[in-house]
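1. give me a 3D structure for the following:
(one chain, ligands or ions: 1)
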Amino acid sequence: MTFKTSLVWFRRDLRAFDHAALHHALCQSQAVHCVFVYDTAILDALPRRDRRVDFIHASVAELAAELRALGGDLIVLHAEAAEAIPRLAAELQVDAVFANHDYEPQAIARDATVATALTHDARLWFSFKDQVIFEKDEVLTLSQKPYTVYTPYKNAWLKKMRAEPGCLAPFDVAPHAARLAPPRAGAPAALPSLGELGFEPSNLAELAIPTGMSGASALFEDFLPRAARYDVARDFPALKGPSYLSMHLRFGTVSLRYLVRTIVDLMDRGGGGDGAPVWLAELIWRDFYAMILYQNPHVEGGAFKPAYDAIAWETGPEADAAFAAWCEGRTGYPLVDAAMAQLNQTGYMHNRLRMVTACFLIKDLGIDWRRGEAYFALHLNDFDLASNNGGWQWASSSGCDAQPYFRIFNPVTQSEKFDAGGRFIRRYLPQLKALGDKEIHAPWLVPRMLLEQKNIVLGRDYPEPLVQHDEARKETLERYAVVKVLA
Ligand SMILES: Cc1cc2nc3c(=O)[nH]c(=O)nc-3n(C[C@H](O)[C@H](O)[C@H](O)COP(=O)(O)OP(=O)(O)OC[C@H]3O[C@@H](n4cnc5c(N)ncnc54)[C@H](O)[C@@H]3O)c2cc1C
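-> From the prediction side, this is the model:
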């Protein structure tokens, strides 16, 4: 055994199975302590009701129970992690601290601070790849450069996954669990309550969003029989098409290796229809964006393609009012407003609608994509810097493999195509329920008499459209002309 005592620091990997850092710590140490820190450097900036904090709280409780069932324990702190981890390491007199890689610039800086403090105390810091299948420079072009285009990246990713099947192998925990350090004498039996952390309950429980390892496993079981139809069903927000696993992938209550292994096994056995490969491709998008952020940290706050930073966005009181209307779902475009209501009420937004609402903000309202990105970051349950930034830069055409700037979604056509019967719109905008399937996508085109018969008055029950799409489209093409000049 290399180490007498070690510490595993859980962050966005809240599970007690197939866990790279925990596995390596257990294999190399006589006794392994585990810790989770409610990091005040992150939590202090959040509103006092936050579904993600609720989710973490429930998932940490399940993790602690699972570690106890395995004979170990979870130390739970509420402090600034960059200071608390070296302090705890000293208190426990561990030889080394183990964690899994995080690719976000602020997390990289925090981990560097921790590693330096540990080294100063003659302790070691180890971190491992865990939240992606391939990271950093593991998938490179033939000229040994990071990819900037998704499809060739995906092809190289698939080739490497097939060539190195070990990349999907689980990092076992249970067989080594005897080396988990038992609860310390005098350790508090109860975990901190939400109130003690300074938070009030959100509506997470009301929404019945499943939490923890058990929640992730239930969602995946529910999704697997639907995977074969994913390619078709995923585009229609009124259908139960996607897996709803993004929050679990964000907080690591599920193992990505397990998901990929299961879906690849299914495909190799001739199952999964046309849907399974498409779902796998989405997981590869996640790896792709994590790699893009790691290789190009300037995307946090700046365009991937710097020429796009020259675009002059709308600013001032009118733009602020338009932004507020977008945030609150008052644009007068039903699909956009229903999507924003879904986000505001549940913290989830369907992928198709993320694309539609992002495009609307940028290309119909002319507002800087970073404002929308920040709003999503605050409200999305699954907020992930890399994927959120990738999605927004795709929509603003400034990203690595983005929608061309002249491709501008028509919010009405998108609505007619992807919510043809208006089922999704009616779910979130009950005031439009009475409108027919054809009328519901653009209420301002419905004759006033007909609206009145249905007891709908535009401006009273539902807003007039904030902009005319055709005019906004022309303005956007002019706004983006600067890119053509610079490119
Ligand atoms: C503007 C915009 C912002 C986004 N912000 C986020 C974000 O903050 N966090 C986030 O996880 N995803 C984000 N996405 C990607 C995608 O919308 C969500 O991952 C997906 O809707 C989550 O639902 P699901 O778990 O049911 O997905 P499924 O359709 O079941 O897909 C399975 C998993 O694949 C991954 N995935 C799917 N699509 C993408 C994608 N386009 N990019 C990267 N990974 C993907 C996710 O981890 C997802 O859970 C964003 C997309 C856009 C257009």
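2. what's near enough to touch Glu104?
-> For Glu104, the contact set (Cβ atoms under 8 Å, 6 or more residues apart in numbering) comprises Leu293, Glu300, Leu385, Ala386. All C-beta atoms are positioned from the backbone trio N, CA, C, and that covers glycine.
3. surely Cys167 and Ile133 touch.
-> Yes - under the criterion of Cβ atoms under 8 Å, Cys167 lies in contact with Ile133, with a separation of 5.7 Å.
4. please identify which of these two sits among more neighbours.
-> Looking at Cys167 and Ile133 with other Cβ atoms under 10 Å, you find the greater number of neighbours at Ile133, namely 22 against 16.
5. next, the contact list for Ala90, please.
-> If a contact means Cβ under 8 Å, 6+ apart, then Ala90 has Asp121, Arg123 as its contacts.
6. which helix or strand contains it?
-> Mapping Ala90 onto the secondary structure by DSSP states H and E places it in helix 81-92.
7. in the longest helix along the chain, what counts as buried?
-> Residue-count comparison of every helix in the chain, with assignments taken from DSSP state H, identifies helix 275-295 as the longest. The neighbour-count criterion (16 or more other Cβ atoms under 10 Å) identifies 275-277, 279-281, 283-295 as the buried residues of helix 275-295.
8. of those, list those near the ligand.
-> Leu283, Trp285, Arg286, Tyr289 (Cβ under 6 Å from any ligand atom).
9. give the contact list for the last one.
-> The contact partners of Tyr289, taken as Cβ under 8 Å, 6+ apart, are Ala386, Ser387, Asn389, Gly390.
10. now those residues as CSV including distance to the ligand and neighbour count?
-> Putting the contacts of Tyr289 into CSV (distance: Cβ to the nearest ligand atom, whole Å; neighbours: other Cβ atoms under 10 Å) gives the following:
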residue, distance to the ligand, neighbour count
Ala386, 8, 21
Ser387, 4, 22
Asn389, 8, 25
Gly390, 6, 25
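11. now, those residues that are in helices?
-> Among these, the residues falling in helices (DSSP H) are Ala386, Ser387, Asn389, Gly390.
12. who's in contact with the first one?
-> Spelled out, that is Ala386. Residues in contact with Ala386 (Cβ under 8 Å, 6+ apart) are Tyr103, Glu104, Arg286, Tyr289, Ala290, Ile292, Leu293.
13. recalculate using a threshold of 6 Å.
-> Taking Cβ atoms under 6 Å, 6 or more residues apart in numbering as the definition of contact, the neighbours of Ala386 are Tyr289, Ala290, Leu293.
14. over to the last one?
-> Under the criterion of Cβ under 6 Å, 6+ apart, the neighbours of Gly390 are Tyr289.
15. sorry, back to before: pLDDT on the next helix or strand after the longest helix of the chain, on average?
-> Under the assignment DSSP H and E, the closest C-terminal helix or strand after helix 275-295 is helix 317-327. Within the predicted structure, the mean pLDDT of helix 317-327 is 98.
16. which positions within helix 317-327 qualify as buried?
-> Buried residues in helix 317-327, counted by 16+ other Cβ under 10 Å: Ala319, Ala322, Phe323, Ala325, Trp326, Cys327.
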